[in-house]
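# Mind folding the following:
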Amino acid sequence: MSNSPLSPTLAATYPFTAQVGGHAGVQATEDNSLLLKPALPREIDFYQRLAAASDHDELSELRKWIPKFLGVLKLEGQLKDSNAVENGGVGNVEVVPVHGNIAPEDKEHLVLENAAYGFVKPCILDVKLGTVLYDDDAPPEKQARMIKAAQNTTSGETGVRLTGFQVYSNDSPKPILTPKSYGKSIKKEQLPDGIEMFFPVSSAPYPTPPNPIETSEADVSKPGLPPILLHCVLTTLQADLEELKASISNIEMRMVGGSVLIVYEGDWERAWKALSTPSGTATTEEDEDDEIEVEIDENGQIVLESIPDEAIEEEDEPQAPLCSLSLIDFAHTRLIDGAGPDEGVLKGIQTMIDLVSLRKDTIAAMLPSDG
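This next block holds a predicted model:
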């Protein structure tokens, strides 16, 4: 690990490789701590309203569950000669107006905390929430298509769809990926199988999905945590899901296309360390007071202003919690006074509570009995 202080300039971004769901185009900063997500005005407005909500506003309860929002990057131009930057600034480094048509969602990017930052082997599951998959103002043909999609998947009946996930074996640096097609193909009765695949126990055979995308070597051990670690993960996530449900129950909104993102540590040594370190899965109030302003300099680089002093101090390698639960994807979320909570989303969260509880009970039976 480098002993040099944190640089206020992040010169490059890269495609986010740990994305298991959602639309393509998300970029990660070089240190993987921040994500740049293309966004439309409605999603930007949601994050800005959330950031501005007072502690007395029930909307502020969601801040605990949503990756920290650091600002918005606007695409005002492009580098005239991208090779100049790649060559260390030798050449004509100049920002010029963008020519041609640019998709609206590519003009502005949300700058968000990466929920997987600090995990050595992040096991990640994206769960699409809700029974309604279309906006009220969507064209009739799209509404009909989305109604059929909900009926043909687990969304309509349970309020959830597994949109993709990755898990790790303890002795391989590469994840085993299960694609979106798996979640679209299963029925309600098969959801526990999907949850078992995402929360495998090291002593049990791994149930291979149809046509998995395997990136790990064939001769490594099966993925999964030891039972005691996995039971702690599931216990924490069940409590978090119940608390999240209580928070959303108080908010009048319609959340179409939103997801719950679950991350847990797949590296055994790091998981044991996280378990022994007093920390929660949510951001502390002290952390929320630390704001970082983001802008682009004249060379097209991302510049971070107002970096908290503690962020510049020399630090050990970031330690993530044992697991985390986040609410993500608000491109089609509306805050509507008088509408009440989104019952389809609440149904989906309750489904996840039941599934996690069922898996936790299964793992509990594997634990050594007292005495």
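
# okay, CA-based contacts and neighbour counts for the rest of this
Fine.

# how close does A150 get to A320?
From A150 across to A320, the span is 35 Å (C-alpha to C-alpha, to the nearest Å).

# more crowded one of those two?
A320 (25 against 22; other C-alpha atoms under 10 Å).

# Tell me the predicted confidence for that one.
With respect to pLDDT, A320 has a value of 90.

# who's in contact with the nearest residue to it once chain neighbours are set aside?
Spatial nearest neighbour of A320, chain neighbours left out: G118 (4.7 Å); criterion: C-alpha to C-alpha, 6 or more residues apart in numbering. By C-alpha atoms under 8 Å, 6 or more residues apart in numbering, the contact list for G118 reads S33, E317, P318, Q319, A320.

# Residue ranges in the stretch 101-250 of the chain under the pLDDT threshold?
Along the stretch 101-250 of the chain, segments meeting pLDDT under 70 span 101-106, 203-221.

# The stretch 1-150 of the chain: helices as residue ranges?
41-52, 82-86, 104-107, 140-152 (DSSP state H, counting those that start in this stretch).

# Quick one: which of the contacts of G118 is the most crowded by neighbours?
A320 (25 neighbours).

# Tell me if that residue really is in a strand.
No - counting by DSSP: H, G, I helix; E, B strand; the rest coil, A320 is not found in a strand; it is coil.

# measure it to C232 for me?
For A320, the distance to C232 - C-alpha to C-alpha - is 15 Å.

# same check, this time on P38
Taken as C-alpha to C-alpha, the span from P38 to C232 is 35 Å.

# Show me which of those two is the more surrounded one.
With neighbours defined as other C-alpha under 10 Å, P38 and C232 compare such that P38 has more, 25 against 17.

# Quickly list what that one is bridged to.
H109 (DSSP bridges).

# How about C123?
Assigned bridge partners for C123, using DSSP bridges, are Y264.

# Quick check: A53 touching L59?
Yes - contact criterion C-alpha atoms under 8 Å: A53 and L59 qualify, at 6.5 Å.

# So which of those two has more stuff around it?
L59 (21 against 15).

# Can I get stretch 320-340 in CSV, CA atoms only?
Output of stretch 320-340 as CSV, limited to C-alpha atoms (Å, rounded to 0.1, in the frame of the first residue of the first chain):
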residue,chain,number,x,y,z
ALA,A,320,-15.7,-2.9,4.8
PRO,A,321,-18.3,-4.4,7.1
LEU,A,322,-19.2,-8.1,7.0
CYS,A,323,-22.2,-7.2,4.8
SER,A,324,-24.2,-4.2,3.6
LEU,A,325,-27.7,-3.4,2.3
SER,A,326,-28.4,-0.5,0.0
LEU,A,327,-31.3,0.9,-2.0
ILE,A,328,-30.3,1.9,-5.5
ASP,A,329,-31.7,2.9,-8.9
PHE,A,330,-34.1,5.8,-8.8
ALA,A,331,-34.5,6.8,-12.5
HIS,A,332,-38.2,6.1,-12.3
THR,A,333,-39.0,7.1,-8.7
ARG,A,334,-41.6,9.7,-7.9
LEU,A,335,-42.4,11.4,-4.5
ILE,A,336,-46.1,11.9,-4.5
ASP,A,337,-47.9,13.6,-1.7
GLY,A,338,-51.0,11.7,-0.6
ALA,A,339,-50.2,8.5,-2.5
GLY,A,340,-49.1,6.5,0.5
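
# Which positions in that stretch come out as buried?
Neighbour counts over stretch 320-340 (16 or more other C-alpha atoms under 10 Å) mark 320-335 as buried.

# can you tell me which of the residues you listed are in strands?
C323, S324, L325, S326, L327, I328, H332, T333, R334, L335 (DSSP state E).

# Nearest to A246 among those?
L327 (13.6 Å; C-alpha to C-alpha).

# neighbours around the residue lying closest to the closest one once chain neighbours are set aside, how many?
Sequence neighbours aside, V260 is the residue nearest to L327 in space, at 4.7 Å (criterion: C-alpha to C-alpha, 6+ apart). V260 has 24 neighbours, counted by other C-alpha under 10 Å.

# name the element V260 belongs to?
strand 259-265 (DSSP states H and E).

# Determine the set of other helices and strands touching that strand.
The contact analysis (3 or more C-alpha pairs under 8 Å, 6 or more residues apart in numbering; DSSP states H and E) places strand 259-265 against strand 122-129, strand 323-328.

# and it with strand 323-328, angle?
Calculated by axes from the mean of the first three to the mean of the last three C-alpha atoms, to 10 degrees, strand 259-265 forms an angle of 160 degrees with strand 323-328.

# need the next SSE after strand 259-265, C-terminal direction.
Downstream of strand 259-265 (by DSSP H and E), the next one is helix 268-276.

# what does that following helix contact?
V120, N170, L225, P226, L229, E265, Q319, A320, P321, L322.

# Contact partners for Q166?
V20, P122, C123, I124, L125, P175, I176, L177, T178, F198.
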